[in-house]
Structure formats: C-alpha cells, structure tokens
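Q: coords please:
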Amino acid sequence: MSDRSASRHQSDSQGLGASPAPKGELPSRLTVPQIQDIIFQHLIRSVQNLSPEEVLHEFCCLFINCCDTTDSKPLHALYQLVFLNNQEAFQTTLKRSCYILINNWASRRNEAFIYRLIAMFEHSHEHSDSASLSLNRVRKWVADFISSNDYDELKLFIARHELDHSQASDQSQSEMTATRTRLQSDQITETAIAPEEQHWSSRYVGQLLVAQSVDPNNPLEQREAAAAYARQWRERFKFDLAMYMAKSQSSRSDRERLKNPTNLGDQVLKIVKSIVLRTGKYSYSSLANLFLQQTEGLRYHGYKKSLLKYIILESTQDHMTKVVRQKLQNKLTSLLAEDHDQVITEDLQAETCRHLIQFLTTEDLHNPSRLFLLILSNGSALTLTIFLLKLVLIAPSTRSHLDLCIARLVKYYEQFDEEKCRWAIYFFDIFNVTFAIYTENVQYNLVSIDGPEPLPLAPETTQKEDRVVFEGLYDNELRRSLRSAQLDRYRLFLQMAPHAQLPSTGDLLETDPVLADSLIADGPDR
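A: Numbers count the residues shown, from 1 in each chain. Predicted coordinates:
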C-alpha cells in the first residue's frame, strides 16, 4: 500500500487508491469473509513456518506499516478492506489476528512476544501523517482499536506476567528490571512498554479472562486463549495461597520472604482459619452431596423449597438473613413456574442456580443487583460468598457463569478509585480465597494445639490489636469470629486431595452441627 500507488487512484470520491492485484492471484473485488480468510490463513502459515521474530515482523508490515509482506495476497486483501471503508470488519480482523498469534505463542512458551505485540501497538501512534489517505485511514483505525475495549481485553494477557514481576520475592530489583526489559523489548520499533501503575482490577485478571472465554461474540482463538490463561491464573492463585498459608505459621524470617497473593494483608491467616472454622461438623461439599441425594426425584416445586432451606439454614435468625431469605423465596416462587410439576433434572437444577447466581450478583450482567448491594452494605461479604459456593457445589457447571458475573462486577467497579469501592474489592478477595479453599484440590484443616490457656490481654492492648486485625475488614461476621475465637491456639494444615470438593475426614473443629434430615423440605413433593 505505497503512497505512489495511492496517488495514482485518488479519482474516486473517497480519495482512496486500489493497488493492482497480483496477476492471476486475486480477483479485483473480494467480500469481507474472503478478505479475512486470506489474512487469517497467511498468519496461521506464518506462525507454523516462521520464527516468532519473523511472524511479528509480518504482522507489523501488514497492520502497522502497511508495507510488503512475504506474500502479497494479504496486503492486497487488507487494501480492499480499506477501500470498502469498513472499519468494523477491520477491527474484527485485527482482533482475531492478534489472538491467532497469542494462542500459538502461548502454546510454544513464547509469551515474551505477546509483550512485544502490545509494545508495537503502544508506539504505533508515533508515525507521522502520510500523503496516502489509505495509510492514514488504517492508522486511524488502529488508533481507534487501541482505544477500544477489545484492546483492553488484549492487554489482560500480559497482566499475569506484570503481576508476577511486581510481586516477585526471590529476585532482586535489578534482576526484575532486566527480565521486564527483555520481555517487553520490541526489536522492530526498538521501544518498550513504559512501566505503568497497575489498576486495582488487574488483581482479578482470572475472572476477567473467564468472561472473555465464555463470550460467544469473541472469536474462537480469543476464547481458547482466555480459557487457558484463566486456568493458569486460578492454579497460580491456589498454589500461592497454599504456600503462603503453610509458611506464614513458621519463623518470622520465613514470613518476611513470603508473597501474599491476596489483598487482605497480614490478617489473611486469621481470616482463612475463621473461614475453615465455620464449616463445622459437615463440610460444604458434604452438605451439597446430602442435598443432591435427598432431592433426587423431587418435583421442581418441592425442590425449590428444599433449595432455599439448603442455601440459608433455618437456624440462622438475624434480621439481614431473614430479609435475604424472603427475597430469595419470592424469587424462587415465580422462577420457571411452568416447570413446577416436572421432576428435577441436572439441566433444570443448573438453570435454577444460574438464575440465583445472577440474582445475588448482577441480574443484567452489567450493574450490581439490589440483593448484592443489600448484603454487602450489611457487612456480609463472607455470607454472600457462601451462598454462591453452595450453588456451585450442587451445580459445578455454573462455575464459569459465576466467574462471568464476578467479572462483570469487577468491570462495573473499575470506574471507581480503589478508595471509593474498597468494600467491593474486599468481597472479590474473600470470594477468591473461599473458593480456593472449598473448590480446589487442597484441603485446609484446623488442628488444636495443646497448651496452657493464654493470659488475657489488657483492655488497651486488645483495642490496639483489634485496630490492626480489623483494619480493612468489611465483614461483621468475620469481626465477631476473630474477636471470639482463639485462633492462635490452632494451626492450619494443608494436604493435597485426589480431586476437588473432597469431603473432610479429619478431626476438625465443630461449630453448630447440621442434622442429616434437615435439608429436605416438608411435604409430599415427589
């Protein structure tokens, strides 16, 4: 797409030129799907046969500099897309082309070139205006792409590496800088991504990537790449949390070298102990299995009564819980009323849980639901998390939908400064920690340590410690738990389970036991 060829064809009303088609290779007019197929196939062949450096060079020549590539067909095809003045098709083509490269580089462990791809876009605006109207149009479209949500989603694929470097504890600052420079270096533009302060939402890349992976409007390559990176993120968080919990109970020198994967500060150990403590005699997975056994064969109307009893135990009588129970009951009464006489099936159960997940988080997949705001405004982040956990344990297929809802909430609160939505950020942290404890294959067990009763602290000492422990703690139930339970008398032990959601069999601390026959609703609904 040279300026010379553009100037030869400025007679059309748009002032656009059309470079001549290579003889006998392409028709003079192509449809948008034909244009896209030519470009995609060229990039697929490139990543299969060329080095990453050469592939990046091909991409840059095609979309940034609009100059000759190793094959003239994709450039001619792109030029026809510009001639059609179809910016939407251009952005779709550019987006999918990026994910073709990302998918292949990730599978070959060439993630460094994802940095360089982003760096290429970051510095594409440095080109001066050209005499070619066609080239200026492409540059304008690329600039619009960089300002779009599609580009924000693209940058999530380097956020995992950014956080790894910013939180690394086993590298010196100079080593981190050297690694960052090596990864971010762009040999084509001889520039690098400028270090930026991470937005608080970058801590929840796992959920944001899941949202990309389940969005049917995204190209297949993007969904596959997002799903793979989301799994990596979840595994990394699970591992880092387990290591932090295991080592944080050791000597002070070991603790100082630890990387806390949460944003809950030094109090996270006490919070995890408190979360594990509330399980009681029956683990949540055991209750889920019990519920599934007792509701098998129920008609849907009776199933919904039992489901409400399972989510909120009737022994819980505080005012906020009563309000939430009533709202859930009203929702369930009208939900899928046409199926009341149907025997409960796995699909019907999953659909019901999806509806309740949205009711508890974001009904329109954009704004927080009223029930979400009600529960969190009453300082019950852990309670809400347990409601969601119970739903996922009886319908595991809804986990990706739950992550989608959480991602939508993260995107909603992204517009606010961290100080203005700390209570929402706190919920996201409690959610991630709780689900790592109860839905992954690492078992968290509390074991009592025999020893003398600790001496009571002076009132002023207690108040001082309370201020430290409760700073940033936006959950009334956890506050009460941390005040009343002598958690320091217990040690947290972790062990690998054969699979996730394995019921605990050790001697755990017991709170209020749940009777085996208390989950089934009264009445002949079979």
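Q: run through the stretch 351-500 of the chain and note the low-pLDDT ranges.
A: 450-486, 497-500 (pLDDT under 70).
Q: which stretches of it form strands?
A: 442-448, 490-496 (DSSP state E, counting those that start in this stretch).
Q: need those strands in CSV with mean neighbour count and distance to residue 199, can you?
A: For glycine as for every other residue, the C-beta is placed from the backbone atoms N, C-alpha and C. Shown next, in CSV, are the strands of the stretch 351-500 of the chain (neighbours: other C-beta atoms under 10 Å; distance: least, C-beta to C-beta, whole Å):
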stretch, mean neighbour count, distance to residue 199
strand 442-448, 18, 29
strand 490-496, 14, 32
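Q: between these, which one is closest to residue 285.
A: Closest approach to residue 285 among the strands of the stretch 351-500 of the chain (C-beta to C-beta): strand 442-448, 10.4 Å.
Q: returning to what we had before: wait, which of the strands of the stretch 351-500 of the chain is closest to residue 228?
A: Going by C-beta to C-beta, the one of the strands of the stretch 351-500 of the chain nearest residue 228 is strand 442-448, 21.3 Å.
Q: in stretch 89-97, what's buried?
A: Buried residues in stretch 89-97, defined by neighbour count with 16 or more other C-beta atoms under 10 Å: 90-91, 93-97.
Q: ok, now stretch 417-429?
A: Buried residues in stretch 417-429 (16+ other C-beta under 10 Å): 421, 424-429.
Q: closest to residue 300 among these?
A: Among the buried residues of stretch 417-429, and counting by C-beta to C-beta, the member closest to residue 300 is residue 427, at 31.0 Å.
Q: in contact with residue 229: list those residues for me.
A: 106, 156-157, 160, 205, 209 (C-beta atoms under 8 Å, 6 or more residues apart in numbering).
Q: which of these are buried?
A: Looks like the contacts of residue 229 have 106, 156-157, 160, 205, 209 buried, using 16+ other C-beta under 10 Å.
Q: switch the buried residues of stretch 417-429 over to a markdown table; also include distance to residue 273.
A: Shown next, in a markdown table, are those (distance: C-beta to C-beta, whole Å):
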| residue | distance to residue 273 |
| --- | --- |
| 421 | 27 |
| 424 | 24 |
| 425 | 22 |
| 426 | 18 |
| 427 | 19 |
| 428 | 20 |
| 429 | 16 |
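Q: how much space between residue 312 and residue 387?
A: 8 Å (C-beta to C-beta, to the nearest Å).
Q: what of residue 490?
A: 26 Å.
Q: then residue 201?
A: Taken as C-beta to C-beta, the span from residue 201 to residue 387 is 24 Å.
Q: could you do residue 259 as well?
A: 30 Å.
Q: alpha carbons only: can I get stretch 217-228 in CSV?
A: Extracted in CSV, the C-alpha atoms of stretch 217-228 (Å, rounded to 0.1, in the frame of the first residue of the first chain):
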residue,chain,number,x,y,z
ASN,A,217,-19.2,-12.8,20.4
ASN,A,218,-15.4,-13.3,20.8
PRO,A,219,-13.5,-15.2,18.1
LEU,A,220,-12.6,-18.9,18.9
GLU,A,221,-8.9,-18.0,19.3
GLN,A,222,-9.7,-15.4,21.9
ARG,A,223,-11.9,-17.8,23.9
GLU,A,224,-9.4,-20.6,23.8
ALA,A,225,-6.5,-18.3,24.9
ALA,A,226,-8.6,-16.7,27.6
ALA,A,227,-9.7,-20.1,29.0
ALA,A,228,-6.1,-21.3,29.1
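Q: what's in contact with that stretch?
A: So stretch 217-228 is contacted by 92, 95-96, 99-100, 102-103, 106, 153, 156-157, 209-215 (C-beta under 8 Å, 6+ apart).
Q: next one: stretch 410-422
A: Under C-beta under 8 Å, 6+ apart, the answer for stretch 410-422 is 199-201, 204, 207-208, 211, 362, 366-368, 424-425, 428, 472, 474.
Q: most widely separated two among the buried ones among the contacts of residue 229?
A: Top of the distance list for the buried ones among the contacts of residue 229 (C-beta to C-beta): 106 and 205, 14.4 Å.
Q: strands along the stretch 151-300 of the chain, start to end?
A: Under DSSP E, counting those that start in this stretch, the stretch 151-300 of the chain gives no strands.
Q: so where's it uncertain?
A: For the stretch 151-300 of the chain, the ranges with pLDDT under 70 are 160-197, 251-257, 279-282.
Q: going along the chain, name the helices of it.
A: 173-184, 205-213, 220-247, 252-256, 268-277, 284-295, 300-311 (DSSP state H, counting those that start in this stretch).
Q: closest one to residue 355 among those helices?
A: helix 300-311 (10.8 Å).
Q: quick one, the closest one and helix 284-295 angle?
A: Angle, helix 300-311 to helix 284-295, by axes from the mean of the first three to the mean of the last three C-alpha atoms, to 10 degrees: 160 degrees.
Q: how about the CA coordinates for helix 300-311, as CSV?
A: Taking C-alpha atoms only, helix 300-311 is exported to CSV below (Å, rounded to 0.1, in the frame of the first residue of the first chain):
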residue,chain,number,x,y,z
TYR,A,300,-39.5,-28.9,40.8
HIS,A,301,-41.9,-27.1,43.2
GLY,A,302,-40.7,-29.1,46.2
TYR,A,303,-37.1,-28.9,45.0
LYS,A,304,-37.2,-25.1,45.2
LYS,A,305,-38.4,-25.2,48.8
SER,A,306,-35.5,-27.5,49.7
LEU,A,307,-33.0,-25.4,47.8
LEU,A,308,-34.0,-22.3,49.9
LYS,A,309,-33.5,-24.4,53.1
TYR,A,310,-30.1,-25.6,51.8
ILE,A,311,-28.9,-22.1,50.9
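Q: and that helix, what does it pack against?
A: On a contact count with 3 or more C-beta pairs under 8 Å, 6 or more residues apart in numbering; DSSP states H and E, helix 300-311 meets helix 284-295, helix 319-334, helix 346-360, helix 381-394.
Q: buried stuff in the first one?
A: By 16+ other C-beta under 10 Å, the buried positions in helix 284-295 come out as 284-292, 294-295.
Q: out of these, which is nearest to residue 46?
A: residue 285 (47.6 Å).
Q: distance of that closest one from residue 263?
A: 27 Å.
Q: what helix or strand is residue 114 on?
A: helix 112-122 (DSSP states H and E).
Q: quick one: mean pLDDT for that helix?
A: Averaged across helix 112-122, pLDDT comes to 89.
Q: surely residue 277 meets residue 446?
A: Yes. Judged on C-beta atoms under 8 Å, residue 277 makes contact with residue 446 at a distance of 6.2 Å.
Q: from start to finish, how long is stretch 359-368 in a straight line?
A: Chord length of stretch 359-368, first to last residue, is 9 Å (C-alpha to C-alpha, to the nearest Å).
Q: give me the phi and psi angles of residue 439.
A: phi -120, psi 0 (degrees, to the nearest 10).
Q: swap that for residue 50, sorry
A: phi -110, psi 160.
Q: so how far is residue 43 from it?
A: 10 Å.
Q: so what sits against both of these two?
A: In contact with both residue 50 and residue 43: residue 58, using C-beta under 8 Å, 6+ apart.
Q: between the two, who's got more neighbours?
A: residue 43 (20 against 14; other C-beta atoms under 10 Å).
Q: ok, back up a step: so of the helices and strands packed on helix 300-311, which one's packed in deepest?
A: helix 381-394 (a mean of 23; mean count of other C-beta atoms under 10 Å).
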